[in-house]
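A.B. asks: Fold the following, please.
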Amino acid sequence: MGKLKVALQAYTVRDAAEQDLKGTLQQVKAMGYDTVELAGMYNMPPADFRALLDEIGLTALSAHVPLPEFGDDPDTCVKRYKEAGCTYLAIPWLPPELCPDGADFGKTLEAIKKIGKACKDNGMMLLYHNHDFEFRKMPDGMYGLDYLFQQFPADLLQTEIDTCWVKFAGVDPAAYIRQYAGRSPVVHLKDFVVEGKGGTPYELIGSDAQAKKAEGKFEFRPVGYGCQDFPSVIKAAEESGAEWIVVEQDASVGRPSLEAAKMSREYLKKLGY
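C.D. replies: Model (predicted):
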């Protein structure tokens, strides 16, 4: 068995969870996931949400928390997710103006400094989850994502490398994970297929300004059913000190989201995880 532990980003099955949260989480557990990464708590108090996870036999590894949710008092927000059982919190994405090459990037730096400290003070760790647009280059030729991580010590901000968006940006995911060895505790596994120049992959997060308008088709796939070389990605994650690999599929494309999540889990079992 591989030494990496496997979790599911709950965003993957959000449609099912919105209809039947407990039943969906029970199915997730039955697939062989013991841990989830949260994308909200469905308006439940953190203690109640954790009790539900405990009842089902799941734990919460982390949560995706947009910058506005932290507000002016990040410590209170951090404590809510700690109460739910999270070890990590991840900023899931940034609007264009707050990206490294955006006009208001200074606000991002100020926010991450405060949030990272709040996480550290509460025994947690802040992560940043990338898309491909952070691979636009800065004036000095550095990728925006690298520029972001250079602004902070590793005890305030670490990586949650999304391998889909790294590859979609034209960068080798395994090599990029190795670049952040020791700073990549959680790695997102996400697969896709692309024809032509890629289509518009960002419609789900409402980032039309970032969407690629070129002709072509982009579609998400279960892990192991797209274009990714996951054996090499997982090997890189292991050798770089990662502890967790997280399955995420933004859209299930032609099949129920729970079926897609199960296909991803079965594929990873075949690899020994």
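
A.B. asks: Now do the same for A209: its pLDDT.
C.D. replies: pLDDT recorded at A209 is 38.

A.B. asks: Could you look up the SS state of A236?
C.D. replies: helix (DSSP: H, G, I helix; E, B strand; the rest coil).

A.B. asks: Just confirm it contacts R178, I think it does.
C.D. replies: Yes. Counting by C-beta atoms under 8 Å, R178 is a contact partner of A236 at 5.2 Å. Yep, even glycine has a C-beta here, placed from its N, CA and C like the rest.

A.B. asks: quick one, which of the two is more surrounded?
C.D. replies: The neighbour count for A236 versus R178, taken as other C-beta atoms under 10 Å, is higher for A236 (23 against 15).

A.B. asks: Now do that one against M263, distance only.
C.D. replies: 23 Å (C-beta to C-beta, to the nearest Å).

A.B. asks: I245 too?
C.D. replies: Distance, I245 to M263, by C-beta to C-beta: 15 Å.

A.B. asks: neighbour count winner among the two?
C.D. replies: Each of I245 and M263 has its neighbours counted (other C-beta under 10 Å); I245 has more, 23 against 20.

A.B. asks: And the pLDDT for the more buried one?
C.D. replies: Each residue has a pLDDT score; the one for I245 is 98.

A.B. asks: One more: Q150?
C.D. replies: For Q150, the predicted pLDDT is 98.

A.B. asks: Could you list the low-pLDDT ranges of the stretch 151-273 of the chain?
C.D. replies: Residues of the stretch 151-273 of the chain meeting the criterion pLDDT under 70: 196-216.

A.B. asks: try 50
C.D. replies: Scanning the stretch 151-273 of the chain for pLDDT under 50 picks out 204-214.

A.B. asks: ok, which stretches of it are strands?
C.D. replies: With DSSP state E, counting those that start in this stretch as the criterion, the stretch 151-273 of the chain has strands at 158-162, 186-189, 191-196, 216-221, 244-247.

A.B. asks: What strands line up against the first one, and which way round?
C.D. replies: If I follow you right, that is strand 158-162. strand 125-129 (parallel), strand 186-189 (parallel) (DSSP bridges).

A.B. asks: Mind listing residues that contact the shortest one?
C.D. replies: Strand 186-189 is contacted from outside by 9, 37, 61-62, 88, 90, 127, 129, 160-164, 177, 223, 228, 230, 233-234, 237, 242-248, 264, 268, using C-beta atoms under 8 Å, 6 or more residues apart in numbering.

A.B. asks: just to confirm, which helix or strand has the spatially closest residue to Y273 that is not a sequence neighbour in it?
C.D. replies: Excluding its sequence neighbours, the residue lying closest to Y273 (C-beta to C-beta, 6 or more residues apart in numbering) is G2, at 4.5 Å. Under the criterion DSSP states H and E, no helix or strand holds G2.
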